[in-house]
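Peer 1: this one's structure only:
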């Protein structure tokens, strides 16, 4: 057989075609690299927050309540109570220096003082994938409240529990009920010992950082993605507004109609959202997760068996 | 191996790679109907179908102003996977410019839970007219 020298045109074309196919496979992956990095940062935020919850528990022996009997309307919720545990202690001290017992006596949303040093973005509270950004207006402009203020965004909501378990119907039927089957809910005092489903199987924090498909009134209501200065509201002993903590009623990235206490967990990460469990682990739950499984992850002591996600 | 044979086998491989699998997925039924609350059509809201069988996608429907709906899934388009479903319905309306915007629920809260609502739907292949009559 005669030995060939060099390449024929066909061989060259085949090599070029193969390289072309390989590049075509690679390019979409390159587009995903930035999103993967942002998701990693989001997961790191949740990790820091859940570790701060652990340190809070080490100090006080229990998790903070989602709502309590405060002196003001629209008081602050779990976020500022966690400040000293994720190196925002200076912000916490600044609040108390501004007004005595700020947490119980002052609503930053109500008292719009421009010199307030606690405003502005707070590290670890916003998801970098969300185009909503790290700040948010504290409420839409209305006749009662012509001044809005830009506050630090809050893209992570605490888990109040499953809608199906320990539901408390509202006294006034036009309001939402609340649940007490999760970790942070009105007047909660949950300890690690109370989480008998296992801290690995119970959600602590979930991501709520996308308003895709929501109507304007839904996005601007209490169920919208409010800044951290909105904690909760106590109408009376049975009726509560849960703003920085939410119950699990709908699937992830649900865009249908909802009211206030049941804001769905949403994100701009393709296909699901990030969650932190009570043991400090951070997981990505797909939006296709069965609603039953999702709800069972939200309860702390219902004894469900979760066989994979 | 001759060049022509090599080209032929490469071509065959390329053809196989392009064919892939045909359309697959669960069987779907077309689901539509009317939602009424205390006898009157519900003017807004969402109907969600939660499949009893694991692994099937959920289906949603936006209720129109005349109370009618037509369900579809996010991933598979129009229709609802065939089988039994638990149904949850939520409806709220904008109550004007209260603090932070004010949403008023039009139907009792329990209808918003797939296990609390007591509503179910049996979806067959083909056309399914399923009406939901909600009471206080």
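Peer 2: The structure has been received and is ready for your questions. The model shown is predicted, which means the values in this text are computed figures rather than measured ones. Residues are numbered from 1 along each chain as shown, chains lettered A, B, ... in the order given.
Peer 1: show me the strands in the stretch 201-309 of chain A, by range?
Peer 2: All strands of the stretch 201-309 of chain A, identified by DSSP state E, counting those that start in this stretch, fall at A:203-207, A:232-234, A:240-242, A:245-248, A:272-277, A:282-286.
Peer 1: name the helices or strands packed onto the third one?
Peer 2: So that's strand A:240-242. Judged by 3 or more CB pairs under 8 Å, 6 or more residues apart in numbering or on different chains; DSSP states H and E, strand A:240-242 is in contact with strand A:232-234. Using the backbone N, CA and C atoms, a C-beta is placed for each residue, glycine as well.
Peer 1: neighbouring contacts of the strand it packs on?
Peer 2: A:66-70, A:73-75, A:77, A:186, A:222, A:240-245 (CB atoms under 8 Å, 6 or more residues apart in numbering or on different chains).
Peer 1: distance from the chain centre to it, please.
Peer 2: 18 Å (CA atoms, centre = their mean, to the nearest Å).
Peer 1: next: stretch A:49-57.
Peer 2: 15 Å.
Peer 1: buried stuff in it?
Peer 2: Within stretch A:49-57, the residues scored as buried using 16 or more other CB atoms under 10 Å in any protein chain shown are A:49, A:50, A:52, A:53, A:54, A:56, A:57.
Peer 1: repeat that for stretch A:205-224.
Peer 2: Neighbour-count burial for stretch A:205-224, counted by 16+ other CB under 10 Å, picks out A:205-211, A:214, A:217-224.
Peer 1: could you check whether it is close to chain B?
Peer 2: Yes: Stretch A:205-224 lies within reach of chain B by CB under 8 Å from any CB of the partner chain, at A:215, A:217, A:218, A:220, A:221, A:222, A:223, A:224.
Peer 1: tabulate those (JSON lines), appending pLDDT.
Peer 2: Formatted as JSON lines, the residues of stretch A:205-224 next to chain B follow (pLDDT from 0 to 100):
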{"residue": "A:215", "pLDDT": "85"}
{"residue": "A:217", "pLDDT": "80"}
{"residue": "A:218", "pLDDT": "84"}
{"residue": "A:220", "pLDDT": "82"}
{"residue": "A:221", "pLDDT": "83"}
{"residue": "A:222", "pLDDT": "84"}
{"residue": "A:223", "pLDDT": "86"}
{"residue": "A:224", "pLDDT": "88"}
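Peer 1: before we move on, back to that, restricted to helices, list the buried residues of stretch A:49-57.
Peer 2: For these, the ones inside helices are A:49, A:50, A:52, A:53, A:54, A:56, A:57, with DSSP state H as the criterion.
Peer 1: residue A:204 is in contact with the second one, correct?
Peer 2: So that's residue A:50. Yes: if you go by CB atoms under 8 Å, residue A:50 and residue A:204 touch, sitting 5.5 Å apart.
Peer 1: residue contacts, the nearest residue to residue A:94 once chain neighbours are set aside?
Peer 2: Closest residue in space to residue A:94, ignoring its immediate chain neighbours: residue A:117 at 4.5 Å, by CB to CB, 6 or more residues apart in numbering or on different chains. With contact set as CB under 8 Å, 6+ apart, residue A:117 has these partners: A:91, A:94, A:98.
Peer 1: quick check: residues of the stretch 201-309 of chain A near chain B?
Peer 2: Counting by CB under 8 Å from any CB, the residues of the stretch 201-309 of chain A near chain B are A:215, A:217-218, A:220-224, A:226, A:230, A:249-251, A:254-260, A:262, A:288, A:290-291.
Peer 1: hang on, the earlier thing: need the pLDDT of the residue nearest to residue A:94.
Peer 2: On the pLDDT scale, residue A:117 is placed at 70.
Peer 1: host element of it?
Peer 2: When secondary structure is defined by DSSP states H and E, residue A:117 falls outside every helix and strand.
Peer 1: which positions in the longest strand seen in chain B come out as buried?
Peer 2: Ranked by residue count, the top strand of chain B under DSSP state E comes out as strand B:28-37. Residues of strand B:28-37 classed as buried by neighbour count (16+ other CB under 10 Å): B:28, B:29, B:30, B:31, B:32, B:33, B:34, B:35, B:37.
Peer 1: wouldn't the fifth one be in contact with residue B:67 here?
Peer 2: What that stands for is residue B:32. No: between residue B:32 and residue B:67 there is no contact under CB under 8 Å: 11.5 Å.
Peer 1: tabulate the strands of the stretch 201-309 of chain A (CSV), appending mean pLDDT.
Peer 2: Below are the strands of the stretch 201-309 of chain A laid out as CSV (pLDDT from 0 to 100):
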stretch, mean pLDDT
strand A:203-207, 96
strand A:232-234, 91
strand A:240-242, 92
strand A:245-248, 95
strand A:272-277, 96
strand A:282-286, 95
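Peer 1: please identify the most buried of those.
Peer 2: The highest mean neighbour count among the strands of the stretch 201-309 of chain A, using mean count of other CB atoms under 10 Å in any protein chain shown, belongs to strand A:245-248: a mean of 29.
Peer 1: run the chain-centre distance for that one.
Peer 2: Using CA atoms, centre = their mean, the offset of strand A:245-248 from its chain centre is 10 Å.
Peer 1: low-confidence stretches in chain A?
Peer 2: A:1-3, A:113-115, A:307-309 (pLDDT under 70).
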